[in-house]
Each structure stands twice: as structure tokens, then as C-alpha cells.
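>>> what would the 3D arrangement of this be:
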Amino acid sequence: MPQLLNSIVAVDVETTGLHSRDRIVSLGAWRLELDRSSNKLIDARFLHLIFDPGRKSHPRAEEVHGYPDWTLRHQAPFSNHLDTIRDFIEAGQIVVAHNASFDLNFIEREFVALGAQSPKIQSYCTMNAYRRAGLPGRASLNAICNEIGLKRIGTKHSALEDAWLALSVYLWLEKFPSEFMQPFSKLVSSGIPVSPTNLTAPPPVPDGPLPRRRNVKADEGATTASVNRPKRASKKAIFDELRPTAILLLEVARSDNSMIGEEADLLTLLVRSASERLAIPIDIETEQELLSELGEIELTQNLLTRAARGVYENPVARDEFPKWFAMMAKIDGDYSDSKQEAVERVKAAIKRVLPEQ
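Predicted coordinates for the structure are as follows:
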């Protein structure tokens, strides 16, 4: 009787931002061929590619992935690697990702924008699986990896490293032998390259303003149909509902100059809560657009005061704000000086709008 083999693929993408118009900057994937009758590893392969996304990254997205625009504009476009990516992903009986809807929606949009058939897959979301299992703590990739003794090797997010961490979480959740879950640093020491294998070194950055980008097929606007008027109205209603609360939470989230995954997850929950309260269903694309628009808000003291007034004047937002505020303040359990100062700024803004007793 032939041995039962499982082919597992894990993927991660880094992007120019969270909006539906944003594009993939890099893609990392791993494929394991396993003999499930003995839980032995037969083969392990990886795919790590970088692309010219055809547009600049949002500054906060660039902080995460670390690729400057000058480097990205000298890479080949996603379209050059369609067959390679599809073949690699479709070889898996299951495709694993952390917050899978984010990564897989971005991949699908790239294929659709090029008029190509997107990969046919059965997905497995490690974030949702962790939550369904009722396990303690936060369900961000960082938090789960800390639970199982793994961590990133640097401050920047590598698509290949995050795909490996998502794969490790999957193997842990499915109770595979612990030897499968190696630190990524050990893989690098064994010769796995950190940089994408197709990376083209850019020429020296010119003096003065950068030249215009070359025209890349399937640039922004090529992705599917435009948002219709009712959908825009629904999105605006949700945005207006959650904006005051989100501004006060963003003040705390950005206190250390960048948002971590848990803070972004909490804002996602805020978006979904507002959607449910208004009885306006939203898809993942609209959800990402809302998060992107929140991320672009520039915070000032006057804006904090107006946001505090908006929360105070909305009975539901006023009742729920202490819960959201406490959750954001306690993320990581790290009351750094900068976070404590941000918490105090929010409290001061709320105090300014309270009526005199």
C-alpha cells in the first residue's frame, strides 16, 4: 500500500499598504512533503520573490518590509512570475497563512488584475485556528510564536520568515513532532538566503528628485471593478462611526513610532464591531480599506480633543471606549515611558471635553 503523503504550503506577502489598490512587494512560501504514516519529512522547498509593485509603499508599510521605493522600482513585476507562483502554491494539498484572508486576497487580486487564473487552493488560517482552539493570549503571529519558543530574527518583516513562522504554528497546532519547528535563524545558518532570490541590486540613488516610474502592467486601477456608490456610502458610515474611538486608540498604538500586529488586530476588531453595530456587512477588501484610511490619519492635540468629544457625544461609543482603551494600553504588557505618555494625553483629551461638575 503506498505511503500517504501530505504536501503543505505556507505563504506570506508584504505589501505597499492595506488598501485594495495596494500591491504585493514580496512573497515568501514554503512547501513540505511529508510522509504522514511516519511523520517524516521527505522534502522541503522555498520560494522567495520580490517585485516592482508599480507604486510607492505607504511609509508605515515601508517601515515594516524595509524595501525603499528606489530598490523596488528596479525589480521585475509580479507578472513575470505568475506560473512559478501558481505552480508552487497549487502543489500544496493545503495552503497555510496567518490571517490568511489578507495574504490570499492580495495574491488573488494580482492574478485577477493580470487576467490570469488565480491558484486553486484549500486554505488554513493559523490565526483563526488558534482562536477556535480557545488557547490563551493574543492570536497575533508574534504572540503565538513567543508561546511556542520562536521569534523573528530582526525588526523588519521578511515574507519568507513569516511564512516559515506560520508553517511552524500550523505544525504546532496540528501536533506534529517538535523537530519540525526549527528557529528561522537555524535555517539561515544552514544556508537559506535572507534576501529574495530574484533581487536585482539597484544602481546608486540619483541626486535630486527620483525619475518617474516606468509604466507597470496592472498598476492601480487595474484591479477589478470600481467601488459602487452604495458601497462607498456604507464604508463612510462605518468610518464615521468608529473614527473618534480609533483616533484615541491610534495615539496609544503609535506611541513607539510604529504599530505592532496586536495593535492592528485590535483596530480590525473595532472595524468589525462598528460594522455589526450598524448592521452593515463588509467584505475583507472594505475592511482593509478602512484600516488603511485610519492609518493615514495625522494626529494632533486638537484632533484628539475633537475625537474625545465625538466619543463622549455618542452613547454607545462612550460606554464601550473604556474597554477598547484598556485593551490597547495593555498590549504587550509593556508600559514604556512613551506609551504611558500617550495614555495620559488621551486621558487629558477626555477630561477637556467632560462637562464641569
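>>> look through the chain and tell me its longest helix.
If you go by DSSP state H, the chain has its longest helix at helix 229-253.
>>> flag every buried residue along that one.
For helix 229-253, the neighbour count (16 or more other Cβ atoms under 10 Å) marks 231, 234-235, 238-239, 241-253 as buried. For the C-beta atoms, the positions are set from N, CA and C on the backbone; glycine is no exception.
>>> so which other helices or strands are in contact with it?
helix 261-277, helix 284-295, helix 301-313, helix 315-330, helix 337-353 (3 or more Cβ pairs under 8 Å, 6 or more residues apart in numbering; DSSP states H and E).
>>> list the contacts of the shortest one.
Applying Cβ atoms under 8 Å, 6 or more residues apart in numbering, the external contacts of helix 284-295 come out as 17-20, 22, 58, 60, 101-102, 105, 231, 234-235, 238-239, 242-243, 246, 250, 259, 264, 267-268, 271-272, 275, 282.
>>> which pLDDT value does the model give the residue nearest to Arg272 when sequence neighbours are not counted?
Sequence neighbours aside, Glu287 is the residue nearest to Arg272 in space, at 7.3 Å (criterion: Cβ to Cβ, 6 or more residues apart in numbering). Looking at Glu287, its pLDDT reads 81.
>>> ok, Glu287 to Leu294 distance?
Using Cβ to Cβ, to the nearest Å, Glu287 is found at 11 Å from Leu294.
>>> next: Gly92.
34 Å.
>>> do the same with Ser275
Applying Cβ to Cβ to Ser275 and Leu294 gives a distance of 14 Å.
>>> next: Pro193.
Counting by Cβ to Cβ, the gap from Pro193 to Leu294 is 36 Å.
>>> quick one, which of the two is more surrounded?
Per other Cβ atoms under 10 Å, whichever of Pro193 and Leu294 has more neighbours is Leu294, with 21 against 12.
>>> surely Arg23 and Arg55 touch.
Yes. At 6.1 Å, Arg23 counts as touching Arg55 under the criterion of Cβ atoms under 8 Å.
>>> more neighbours: which of the two?
Counted by other Cβ under 10 Å, Arg23 and Arg55 do not tie: Arg23 has more neighbours, with 28 against 18.
>>> got a list of what that one touches?
Thr15, Thr16, Phe51, Pro53, Gly54, Arg55, Phe78, Phe106, Glu110, Asp219, Glu220 are the contacts of Arg23 under Cβ under 8 Å, 6+ apart.
>>> most neighbours among these, which one?
Pro53 (29 neighbours).
>>> my read is that residue is in a strand, agree?
No. Using DSSP: H, G, I helix; E, B strand; the rest coil, the assignment for Pro53 is coil, not a strand.
>>> and it, backbone torsions?
phi -80, psi -10 (degrees, to the nearest 10).
>>> that one reaches Val25, doesn't it?
Yes. Between Pro53 and Val25 there is a contact at 5.4 Å, judged by Cβ under 8 Å.
>>> who touches both of the two?
Common contacts of Pro53 and Val25 (Cβ under 8 Å, 6+ apart): Thr15, Thr16, Leu72.
>>> ok, and the closest non-adjacent residue to Pro202?
His74 (4.1 Å).
>>> same question, Asp22
Using Cβ to Cβ, 6+ apart and skipping residues adjacent in sequence, the residue nearest Asp22 is Thr16, 4.4 Å away.
>>> need the contact list for the one you found.
Asp22, Arg23, Val25, Pro53, Arg55, Lys56, Ser57, His58, Ala61 are the contacts of Thr16 under Cβ under 8 Å, 6+ apart.
>>> Val316 too?
Arg277.
>>> any idea how far Lys236 lies from Glu313?
For Lys236 relative to Glu313 (Cβ to Cβ), the value is 19 Å.
>>> and Phe51, by the same measure?
From Phe51 to Glu313 the distance is 46 Å (Cβ to Cβ).
>>> so where's the stretch 251-357 of the chain uncertain?
256-261, 332-336, 356-357 (pLDDT under 70).
>>> what's the burial count for Arg73?
For Arg73, using other Cβ under 10 Å, the count is 19.
>>> no, scratch that, I was asking about Leu41
Here the count is done by other Cβ under 10 Å, and Leu41 has 13 residues near it.
>>> three-state assignment of it?
Quick answer, by three-state DSSP: Leu41 is strand.
>>> what residue is smack in the middle of this protein?
Phe102 (6.5 Å; Cα atoms, centre = their mean).
>>> using CSV, write down the CA coordinates of the worst-scoring helix or strand of the chain on mean pLDDT.
Here the helix or strand of the chain ranked lowest by mean pLDDT, DSSP states H and E is helix 284-295, holding a mean of 79. C-alpha atoms of helix 284-295 as CSV (Å, rounded to 0.1, in the frame of the first residue of the first chain):
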residue,chain,number,x,y,z
ILE,A,284,-12.3,41.9,3.6
GLU,A,285,-11.4,44.4,0.9
THR,A,286,-13.5,47.1,2.5
GLU,A,287,-12.1,46.2,5.9
GLN,A,288,-8.6,46.7,4.6
GLU,A,289,-9.5,50.0,3.0
LEU,A,290,-10.9,51.2,6.4
LEU,A,291,-7.7,50.2,8.2
SER,A,292,-5.6,51.9,5.6
GLU,A,293,-7.6,55.1,5.9
LEU,A,294,-7.3,55.0,9.7
GLY,A,295,-3.5,54.5,9.3
